[in-house]
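this one's structure only:
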């Protein structure tokens, strides 16, 4: 009888331990998904600012139509990639696609800002100055949000890879999260310079 009680106590402890580990993994996964949501908010703000910025620049940069269209095209691709990654931040392919689209958008914006240096009236335009200031603030918020996201993903990935969490992670289908990393292109790695 005593052996049966000890066995039941050990079984109960094992169940409580497994529930605790499982709940910790769920909590870590939810944290990194929430961190992605914070990036999503800032990216949507960025996407909303870009058409206004292009519209203001359009009147001054009439000979740079291809550049302006490239910015809008890159923005649209980034919006699509963001929606896909936002639907499931645990989808590594979608997060990689978002990172690539964001790199292309950043490069397009950088080219637009570089070309705009040749248009002093554009640089002095009050709307353009306000939009670029808002875009700069948003870029900073995106950078902080990405850092928080990567920190959350790292904690989650560590939780599912360390023993004993790795046993339950593989059993219950916890898959590693994807870090948001800079793309490989040197052009895309350059920060967007906003100087109007």
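Thanks, I have it. Keep in mind that this is a model prediction, so the values were computed, not measured.

those helices in this protein, which residues are they?
Secondary structure of the chain (DSSP state H): helices at 2-60, 65-87, 92-116, 120-124, 126-161, 165-171, 186-189.

let me have those helices in CSV, extended by mean pLDDT.
Below are the helices of the chain laid out as CSV (pLDDT from 0 to 100):
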stretch, mean pLDDT
helix 2-60, 91
helix 65-87, 91
helix 92-116, 89
helix 120-124, 75
helix 126-161, 90
helix 165-171, 87
helix 186-189, 48
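
which of the ones you listed sits closest to residue 177?
Relative to residue 177, the nearest member of those by C-beta to C-beta is helix 126-161, separated by 4.0 Å. Where C-beta positions appear, they are placed from N, C-alpha and C, glycine not excepted.

run the chain-centre distance for the closest one.
Distance of helix 126-161 from its chain centroid, counting by C-alpha atoms, centre = their mean, to the nearest Å, is 7 Å.

most tightly surrounded among the helices of the chain?
Ranked by mean neighbour count, those are led by helix 92-116 with a mean of 20 (mean count of other C-beta atoms under 10 Å).

list the helices and strands it packs on?
Secondary-structure packing of helix 92-116 (3 or more C-beta pairs under 8 Å, 6 or more residues apart in numbering; DSSP states H and E): helix 2-60, helix 65-87, helix 186-189.

if we use 6 Å, what do you get?
helix 65-87, helix 186-189 (3 or more C-beta pairs under 6 Å, 6 or more residues apart in numbering; DSSP states H and E).

gap between that helix and the chain center?
What separates the centre of helix 92-116 from the centre of its chain is 12 Å, taken as C-alpha atoms, centre = their mean.
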